[in-house]
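Engineer: okay, here's the prediction I keep looking at, along with the sequence it came from:
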Amino acid sequence: MRKGTGLEPVKVGVIGCGTVAETCHLPAAVQIPELRIEALADINEENAGSLASKFDLDDPLIYTDYRRLLREADVDAVWILTPPKLHARMVIDSLNQGKHVLCEKPLATTLEESEAIKKALRKLGENGEHRILMPAHNFIFTPCYGRAHKLLEEGAIGRLNRITGYITTNLSFYKAKTDFRMQAKGGVIEDILPHLMYLSQDIAGPLTEVSSLNPRVRGRSIIHDVEVDVKLRGLEGEVEASLSAAWSSFVPTLKLELMGERGRISMDLLRTPYNLTMERGDGEVEKYRMGRRILQYLDVFRGRHPSYLNEHKHFINLVRGECNPRVTVEDGLNLVTMLNKVLSKLDEGVHLQRGREVVSIVRVEDNLIDEAVRRAIKYVGGFRFRRNAKVVVKPNVCFKRNTDNMIITDPRVLGSVLSLLRERTNRILVVESDNNSGRGDIRVKKTGVMDVIEDHGAEFINLSDDEYEEHNVSDVTIKIPKTILEAEYLVNMPKIKTCNIANMIISISMKNMFGILSDKKKMRLHKRLVEVLLYINKRIRQDLIIVDGVVAMEGLGPVWGSPVNLNLIVSGLNPVSVDAVCCNIMGINPYSVEVLWRAYRDGMGQIDIEKITVLGEDMNDVKRRFAYPTFITKNVVGAIRTALKTYL
């Protein structure tokens, strides 16, 4: 019995003597007189011995097999501090050996393991045996979080509407003895994102939906950065949460912001665990300080975060029957469910996000265009429309011939998209309009595109024959057809090309939307081309962009350039970001393209490639340096060669 306590200490066995035990749990344990470490278990005996020596433990028994510890050591409870894949089995074995359990998050890695834990607890209950199983959701015991939770319950910011969370950690701080974090398929999703998951569910209730997922990989295999949007079932209604996690080279942080109808609460649970800021709707700001000030900034480096001490004190009180559980078994299993739903999205390839753009690049291997198109679309979330919705597809059929397959959208790519659409709807409209090279329907027929449309049971509409609305842009009037305005789902299918018209430099997603206008003579609009394109791309929502990069065009595009065999399909949801990625593929600075720069400045999309999530091929592996659309000798010769091929 330690000095200063009136009861025998709770005797604990530690299973797993790695970095988490050394830097988080043992520093807290040695501060608690009511707790005594009786035994240690680790497959590496040196780890256990080192831990006993470092914390001057009183001759603990050391085991290399945790099952021997459970059978032989005189302990009331165990801590399970091993890699997650071992948790469920160890939890069940410990409960069956009559031990109370504190288990690091998550309690299990699969829903089947969750069921096994529930079954074990149910069986113990039927036999009249009571065991404590406490999930180690340590940050719930952080002082600032506890105060925030109380403020929410008191209605300080009104009904909770939204949660924003951001957590980073520096892997070098772990000095990990195993590489289980690198082996987990979810990477950072399985490592530190669960902290935000359990905090969000503690505040707002269980998960109802994973709305979007945006993972980023390092070395094309390990997810090191992720953003996920979820919906939670709160007592007062649905709550949305945006959660981000990353392994970084910076000082760890865990920021949480709670937004209500009458204000917001913000805190950093890692760096300033004793501080809290509340901003009311009228602009009044209240700062709460609950203890340590300057020294709290050092706690993150010294392994003295207050949450671990508070967590272990709570566990001791639970074992003694002196309190109700702050974190329940149900809370732990809800975390397992949430984690599995996020990982399921990862398996499905549904990687969408809000606030950032995602673009996929897929290489066409062995001329398998269908497979490349399917993968490119899947990377960005697939088709998102109700069955039998009215879908409008806008390819680039700007000319009546397709010399070297570089002028119009490759009919094979169009056919692949139409085949996929037909799996969900029979109402597909393929559209083009008249331009200075002739009627849209004639161009579609002469290039063979009409055959593709008919073969897939779609319908063609010449937008120049459609009803339209007039819109004034700068000092010109444009005609936007009703078919476009009334589309339930719009697919933009441009081609990667340079463009020497009106200093455009490129003709890809944003420029392809010029072809939706009903105007028969579009050359008159070239004097305001940038303004017109900005207006159209703001006014018309594009639900999916699929760029034909099988054969691209450089030089004097959009018609008289030279072919570039890229063998790529590029896909995305935002025309600005898609065009920026295509620029990078072409070796063109997107900031030098006026329409992209102005779109970025107007908040229409991201053009900084470092802030765009690129899935699929590595950008560096697909880059080419395209010839700019200038009248240099190479480009003029290329234009003459193309003209001869086209007309002779």
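Structural biologist: Alright, I've got the coordinates. Everything quoted here is computed from the prediction, not taken from an experiment. Numbers count the residues shown, from 1 in each chain.

Engineer: and for Pro306, the neighbour number?
Structural biologist: 21 (other CB atoms under 10 Å). All C-beta atoms are positioned from the backbone trio N, CA, C, and that covers glycine.

Engineer: lowest-pLDDT helix or strand in this structure?
Structural biologist: Scoring the helices and strands of the chain by mean pLDDT, DSSP states H and E places helix 180-183 at the bottom, with a mean of 49.

Engineer: could I get the CA-only coordinates of the following helix or strand past that one as PDB?
Structural biologist: Using DSSP states H and E, the next helix or strand after helix 180-183 towards the C-terminus is helix 188-191. Extracted in PDB, the C-alpha atoms of helix 188-191 (Å, rounded to 0.1, in the frame of the first residue of the first chain):
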ATOM      1  CA  VAL A 188      -3.300   8.000 -40.700                       C
ATOM      2  CA  ILE A 189      -7.000   7.000 -40.900                       C
ATOM      3  CA  GLU A 190      -6.400   4.200 -38.500                       C
ATOM      4  CA  ASP A 191      -3.600   5.900 -36.400                       C
END
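
Engineer: quick check: mean pLDDT of whichever helix or strand comes after helix 188-191?
Structural biologist: Once helix 188-191 ends, the next helix or strand along the chain (criterion: DSSP H and E) is helix 193-204. Average pLDDT, helix 193-204: 96.

Engineer: residues in contact with helix 193-204?
Structural biologist: Residues outside helix 193-204 that contact it (CB atoms under 8 Å, 6 or more residues apart in numbering) are 105-106, 135, 137, 139-140, 145, 149, 152, 160, 163, 165-167, 207, 226, 228, 230, 232-234, 239, 241, 243-245, 254, 256, 258, 327, 331, 334-335, 338-339, 342.

Engineer: narrow the residues you listed to those that are buried.
Structural biologist: The neighbour-count test (16 or more other CB atoms under 10 Å) marks 105-106, 135, 137, 139-140, 145, 149, 152, 160, 163, 165-167, 207, 226, 228, 230, 232, 234, 239, 241, 243-245, 254, 256, 258, 327, 331, 334-335, 338-339, 342 as buried among the contacts of helix 193-204.

Engineer: and the residue nearest the centre of the chain, backbone torsions?
Structural biologist: Closest to where the C-alpha atoms of the chain average out (CA atoms, centre = their mean) is Asn214, at 1.6 Å. Per-residue torsions, Asn214: phi -130, psi 90 (degrees, to the nearest 10).

Engineer: got it, and Gln97?
Structural biologist: Torsion angles at Gln97 (phi, psi; degrees, to the nearest 10) stand at phi -90, psi 10.

Engineer: contacting residues for it?
Structural biologist: Gln97 makes contact with 70-71, according to CB under 8 Å, 6+ apart.

Engineer: can you pull out the helices in the stretch 1-150 of the chain?
Structural biologist: Per DSSP state H, counting those that start in this stretch, the stretch 1-150 of the chain carries helices over the ranges 19-20, 26-29, 45-54, 66-72, 87-96, 111-126, 143-153.

Engineer: roughly how far is the third one from the heart of the chain?
Structural biologist: Which is helix 45-54. Remark: helix 45-54 is offset 39 Å from the chain centroid, using CA atoms, centre = their mean, to the nearest Å.

Engineer: then the last one?
Structural biologist: Its chain's C-alpha centre and that of helix 143-153 lie 28 Å apart, by CA atoms, centre = their mean.

Engineer: so what does it touch, helix or strand wise?
Structural biologist: Packed against helix 143-153, as judged by 3 or more CB pairs under 8 Å, 6 or more residues apart in numbering; DSSP states H and E, are the following elements: helix 193-204, strand 253-260, strand 263-268, strand 275-280.

Engineer: switch the cut-off to 10 Å
Structural biologist: Helix 143-153 is packed against helix 193-204, strand 253-260, strand 263-268, strand 275-280, strand 285-289, helix 306-319, with contacts defined by 3 or more CB pairs under 10 Å, 6 or more residues apart in numbering; DSSP states H and E.

Engineer: that helix: which residues count as buried?
Structural biologist: Here helix 143-153 shows 143-149, 151-152 as buried, counting by 16+ other CB under 10 Å.

Engineer: now swap in the longest one and tell me
Structural biologist: Neighbour-count burial for helix 111-126 flags 113-114, 116-117, 120-121, 124 (criterion: 16+ other CB under 10 Å).

Engineer: which of the residues you listed sits closest to Ala372?
Structural biologist: Nearest to Ala372 among the buried residues of helix 111-126: Glu113, at 37.5 Å, using CB to CB.

Engineer: surely that closest one is in contact with Thr337?
Structural biologist: No. Using CB atoms under 10 Å, Glu113 is not in contact with Thr337; the gap is 11.5 Å.

Engineer: pull up the overlap in contacts between the two.
Structural biologist: Overlap between the contact sets of Glu113 and Thr337, as judged by CB atoms under 10 Å, 6 or more residues apart in numbering, is given by Pro106.

Engineer: any idea how this protein splits into domains?
Structural biologist: With domains defined by automatic domain parsing, the chain comprises 10-131, 139-304+320-348, 357-647.

Engineer: picking up where we left off before, export the buried residues of helix 143-153 to JSON lines and tack on distance to Lys378 and pLDDT?
Structural biologist: Putting those into JSON lines (distance: CB to CB, whole Å; pLDDT from 0 to 100) gives the following:
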{"residue": "Pro143", "distance to Lys378": "45", "pLDDT": "95"}
{"residue": "Cys144", "distance to Lys378": "41", "pLDDT": "96"}
{"residue": "Tyr145", "distance to Lys378": "38", "pLDDT": "97"}
{"residue": "Gly146", "distance to Lys378": "43", "pLDDT": "96"}
{"residue": "Arg147", "distance to Lys378": "45", "pLDDT": "96"}
{"residue": "Ala148", "distance to Lys378": "39", "pLDDT": "97"}
{"residue": "His149", "distance to Lys378": "40", "pLDDT": "96"}
{"residue": "Leu151", "distance to Lys378": "43", "pLDDT": "96"}
{"residue": "Leu152", "distance to Lys378": "39", "pLDDT": "95"}
